[in-house]
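[1] curious how this folds, go ahead:
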Amino acid sequence: MPRKTPLAKIRNIGIMAHIDAGKTTATERLLYYSGRSYKMGEVHDGQAVMDWMEQEQERGITITSAVTDFVWKGFEFHLIDTPGHVDFTMEVERSLRVLDGCIAIFCAVGGVEPQSETVWHQADKYHVPRIAFINKMDRTGADFFGTVQMMREKLATNPVLIQLPMGAEDRFAGVIDLIGRNAIVWDEESLGREFEIIDIPAEYEDQVREHRDALIEFVAERDDALMERYIAGEELTEKEIKSGLRAAVLAREAVPVMCGTALRNKGVQPILDAVIDFFPSPHEVPPVTGKDVKGEIDLQRRCDDKESFSALIFKVVMEEGRKLSYIRIYSGRLAVGDDIFNPVKNIKEKISRIFRMHANKKERVEEAYAGELVAIMGLKTSTTGDTLCDPEAPIVLESIEFYKPVISVAVEPRTVGDQDKLIASLERIAEEDPTFKYYIDNDSGQTIVSGMGELHLEIIVDRILREHKLPIRTGKPQVVYRETIASTCEAEAVFDREINDGKQYGHVVLRLEPLARGMGIEFVNATASEKIPELFLPAIEKAVGEATLTGVMSGYPIVDMRVTLIDGSCRDGASSELGYIMATSTAIREGVQKAGAVLLEPIMEVEIVTPQEFMGEIIADINTRKGKVENIANKNLLRIMTAHVSLKNMFGYSTVLRSSSQGRATFTMKFLKFEVPG
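    Numbering: from 1, shown residues only. Model prediction:
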């Protein structure tokens, strides 16, 4: 069966922003105006289609990325609405991994807020073109040009205005299209579905001329022929302006800037037109790259239905015990009943069902094609980040790098006999969420769950109660520490035993050296092959990795240490991998104790946005938490403060901040580094 929509008319896009910038509100309008939804759901009423989880509806925030598709002017959109809270940044990360373009929404009052920077840099990482939409132009304190300037300063990007607002705050009336040289006003009675294109009001003519000239000059600078015409005073056509700007967007040299107010239904439809005009279709994106199964040969797959099948799993959801896997198909086609290969786990899987998703609603289809985002059932072992491909043409695509948890809490069921049920619940949640980990502490017997923040763990606990019907108790959050060494030392160990009627011998001399923060564990071989044969080196390096997983102080992983193999010996007929593994483990343990083990604690970068009048009290509180204020920036009447604070001192901070600022200050924090406690 041929595809319904030509590849050139497909757009895979996402919406990203700081929390409460209006992502989901804008998405609801996009779905309504495109005809995908028959009514607009409101976040504040808990009725948003894309916020389908109970926890999202109650809190009025997006927790998990939601996928949908719709049609606008003959183009097929696959859209992902992503969370804005820092605890769920991984949802943004794995969405950006499979998208071809992203709409970045900024609050006209808050400007470039902390999480806006985080998601922007994530988009940089995956080379995703962007369009900026400055939302909430109707709000008191809305500052369109101030937000554009913050984009230049904070994001080091090149915002190119293609719209101007007509008024601001309660006088916001519509937008001016700089390319088309007209103004657009929306009909409030039709909930913004109807709009009128009018002449630009006279009072905006000078402003329009200034910014339109800047737009045309930018486009002309990138094309010699256009520059000659521009210098000669000739007028560039609308098509030429869009074509030139599109090339700059695809090269990530420009970010078109638009504006409006999603909640008041103004400015939304032009976003869809801009996506068509400036974002690439899947076949315009460079071919996806990967490796062969051995990881030696570089391979490519063009986005073409006739290519060999390849796809990446970017999200997994457990539904009543069944695994629903979201995939981006990079090449080829997929049909129900197909056998596919997972080269990461070296297994074959069978596709039992294929779905097009609309948030949590599923529409069954028999086939899916290159460039599409769909969900599939039938996978048993494959998980997030795995590649799926044609068994006859295997390829391993670049996986998704997941953040490591930084906060832990002990959990236990209220009923003793429910421990197995608790572990089963945690397994299902961990299958969905790669940033969530759990383990049973061997010493205390406690079940420890770890996540990205307090809200993250709060949601996990709530899901266990609601979805798995299992009441649990939680203990005080525990911070995940690391260990390192304070000085350089040498350590020697010999293992010489007879095990299972065979000699097991290993002798190593190691030098342990501290490294700079964030360097991890580095292994260096500085021995001669006659001392220790090369065939034993992989075992020694593996033993170094395993020995540093548990430290000598409190059992936390050891980091930031170079281990150099400087000497050792071997015995014919007795030297063995086991011997060298045991000797290396012993040398590491003794060497760390000798070099002086040091505990490292996680330091968070905290960004606080507050009115000026509360600055004194907030700074005083940060000082009591032994934090260090790094920077204070002005944004109209607001102050944006950046501080570095130990995670252990940040528990319960949201309540304190709300209390000290009359609920007007907000904060976000992200992991910065591990450091020796001050």
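[2] could you report the neighbour count for residue 396?
    Residues lying near residue 396 (other Cβ atoms under 10 Å) number 19. No exception for glycine: its C-beta is placed from N, CA and C like everyone else's.
[3] cool, and the one 4 residues further on?
    Each residue near residue 400 was counted by other Cβ under 10 Å, and the total is 21.
[4] how about the secondary structure of it?
    Using DSSP: H, G, I helix; E, B strand; the rest coil as the criterion, the local structure at residue 400 reads coil.
[5] can you give me the helices for the stretch 151-300 of the chain?
    Under the criterion DSSP state H, counting those that start in this stretch, helices of the stretch 151-300 of the chain are mapped to 205-221, 224-231, 238-250, 269-278.
[6] right, and the ones you listed - which one's nearest residue 2?
    Closest of these to residue 2 is helix 269-278, at 22.2 Å (criterion: Cβ to Cβ).
[7] please name every helix or strand in contact with that closest one.
    Counting contacts by 3 or more Cβ pairs under 8 Å, 6 or more residues apart in numbering; DSSP states H and E, helix 269-278 is packed against strand 10-17, helix 23-33, strand 75-81, strand 101-107, strand 130-135, helix 238-250, strand 255-259.
[8] out of those, nearest to residue 502?
    Residue 502 lies closest to strand 75-81 among these, at 56.4 Å (Cβ to Cβ).
[9] what is the helix or strand that that closest one is followed by packed up against?
    Where DSSP states H and E defines the elements, the next helix or strand beyond strand 75-81 is helix 89-96. Applying 3+ Cβ pairs under 8 Å, 6+ apart, we find helix 89-96 packed against strand 10-17, helix 114-125, strand 310-319.
[10] at 6 Å instead, please
    The elements that helix 89-96 packs onto, with contact taken as 3 or more Cβ pairs under 6 Å, 6 or more residues apart in numbering; DSSP states H and E, are helix 114-125.
[11] show me what counts as buried in the lengthiest strand in the chain.
    Longest strand of the chain, by residue count under DSSP state E: strand 597-611. Neighbour-count burial for strand 597-611, counted by 16 or more other Cβ atoms under 10 Å, picks out 597-598, 600-610.
[12] after it, which helix or strand is next?
    Next along the chain after strand 597-611, taking DSSP H and E as the criterion, comes helix 615-624.
[13] identify the residues contacting that following helix?
    Contact with helix 615-624 is made by 610, 639, 643, 660, as judged by Cβ atoms under 6 Å, 6 or more residues apart in numbering.
[14] chain center to the one helix or strand residue 329 maps to, what's the gap?
    Taking DSSP H and E as the criterion, residue 329 maps to strand 322-331. In terms of Cα atoms, centre = their mean, to the nearest Å, the centre of strand 322-331 is set 18 Å apart from its chain centre.
[15] show me which residues of the helix or strand that it is followed by are buried.
    Next along the chain after strand 322-331, taking DSSP H and E as the criterion, comes strand 333-335. Buried residues in strand 333-335, counted by 16+ other Cβ under 10 Å: 333-334.
[16] could you list the low-confidence segments of the chain?
    1, 39-64, 84-88, 320, 406, 442-444, 476-478, 636-637, 663 (pLDDT under 70).
[17] report the longest helix in it, please.
    helix 577-595 (DSSP state H).
[18] could you give the angle of that helix to strand 597-611?
    If you take axes from the mean of the first three to the mean of the last three Cα atoms, to 10 degrees, helix 577-595 sits at 70 degrees to strand 597-611.
[19] just checking, what packs against helix 577-595?
    strand 489-499, strand 502-514, helix 537-547.
[20] between the first one and strand 502-514, how big is the angle?
    So the one you mean is strand 489-499. For strand 489-499 against strand 502-514, the angle by the same axes, to 10 degrees is 170 degrees.
[21] strand partners of strand 489-499, parallel vs antiparallel please.
    According to DSSP bridges, strand 489-499 has the following sheet partners: strand 502-514 (antiparallel).
[22] mind listing what's buried in the strand it pairs with?
    504-514.
[23] may I have the helix or strand just after that strand exported as CSV, CA atoms only?
    Moving toward the C-terminus from strand 502-514, the next helix or strand (DSSP H and E) is strand 521-525. Provided in CSV are the C-alpha atoms of strand 521-525 (Å, rounded to 0.1, in the frame of the first residue of the first chain):
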residue,chain,number,x,y,z
ILE,A,521,38.1,6.8,35.4
GLU,A,522,41.0,6.6,33.0
PHE,A,523,43.1,3.5,32.5
VAL,A,524,46.7,3.6,31.1
ASN,A,525,49.0,0.7,30.4
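[24] got the buried residues for strand 521-525?
    Judged by neighbour count (16+ other Cβ under 10 Å), strand 521-525 contains these buried residues: 521, 523.
[25] contacts for that strand, please.
    537, 541, 544, 548, 561-565.
[26] at 7 Å instead, please
    Residues from elsewhere that reach strand 521-525, judged by Cβ atoms under 7 Å, 6 or more residues apart in numbering: 515, 537, 541, 544-545, 548, 559, 561-565.
[27] show me how to select, in PyMOL, the buried members of those residues.
    The buried residues among these can be selected in PyMOL (16+ other Cβ under 10 Å) with this line:
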select buried, resi 537+541+544+548+559+561+562+563+564+565
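[28] perfect, that will be all.
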